[in-house]
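Undergrad: Fold the stuff below for me.
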Amino acid sequence: MHLLSSDFSPYSTRVRIQIRKKQLPITIGAPTNPALRTPEFADQYPLGKIPVLVLDDGSSLSESWAIMEYLEAVYPQPSLRPADPLGMAHITMLARYADLHLSPALFPMFVSLLTGKAIDAAQEMTSLQKELNKGDRLLASLPPFRQRALTIGDIALATNLLFAIETPKLFGCSDSLKPFAHLSDWWLWVNQDAALTQGMTEMKTALDAFIAAKNR
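TA: Predicted coordinates:
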């Protein structure tokens, strides 16, 4: 199997972390033939975006959470998901929070970085803080994370949270997590994992390179 990935993509990074943590026999590389954002790529892969997991028979899977659940089913050991239904529901909540609450709050800032379009940074930070507060309360409502192992839900949230930490810095907010004790503690906890830290470093390096290129 082969993963089509980008260091800049939090969704690709999720899967790369999972592959490395489980030491799976899957190669990883950027899409080149066809290249991403080309008609040929969209023709070959229906959803037209990465990550894409190309299976051994030539078929493919898209969407990070679908890929991660597939890999957990095919390679159950070492497991990165709870065995019980309630535990699985809890980690799915973390991933859905990341995708449906946290990431949309970052979208206006990210569009501003891409296009140079002016935004009301204070207003956008207020919106982001509201969503970070949700995440803080969600973690407080779940069983203590320090009493369990890292899961694919944690990995999914971590990649998106990196952008929630780093993007506001470009708009003058240096510590977006500071008001949120549970989220801050969870962030310290997940970053103790070597595979996750490698993914975070790759993504931060790609973000820094992108910003540097935009500022030339």
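
Undergrad: Show me this protein divided up by domain.
TA: For the chain, automatic domain parsing gives the domain ranges 2-74, 85-214.

Undergrad: possible to save those domains as JSON lines with mean pLDDT and mean neighbour count?
TA: Where you see a C-beta, it was placed from the backbone N, CA and C, and this is true even at glycine. Output for these, formatted as JSON lines (pLDDT from 0 to 100; neighbours: other Cβ atoms under 10 Å):
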{"stretch": "domain 2-74", "mean pLDDT": "96", "mean neighbour count": "17"}
{"stretch": "domain 85-214", "mean pLDDT": "94", "mean neighbour count": "16"}
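
Undergrad: Can you show me the helices along this structure?
TA: Along the chain, counting by DSSP state H, helices occupy 10-22, 39-44, 64-74, 85-97, 103-115, 121-141, 152-169, 181-190, 194-214.

Undergrad: Show me what the shortest one is in contact with.
TA: Pointing back at helix 39-44 there. With Cβ atoms under 8 Å, 6 or more residues apart in numbering as the test, helix 39-44 has contacts from Pro31, Pro34, Ala35, Gly48, Ser60.

Undergrad: Report the two of those residues separated the most.
TA: Ala35 and Ser60 (15.7 Å; Cβ to Cβ).

Undergrad: Please tell me how far Tyr75 sits from Leu24.
TA: From Tyr75 over to Leu24 the distance is 6 Å, taken as Cβ to Cβ, to the nearest Å.

Undergrad: I meant Phe110, not that one.
TA: Here the criterion is Cβ to Cβ. By it, Phe110 lies 30 Å from Leu24.

Undergrad: before we move on, what about Arg96?
TA: Remark: distance between Arg96 and Leu24 (Cβ to Cβ) = 24 Å.

Undergrad: and what of Pro39?
TA: Counting by Cβ to Cβ, the gap from Pro39 to Leu24 is 31 Å.
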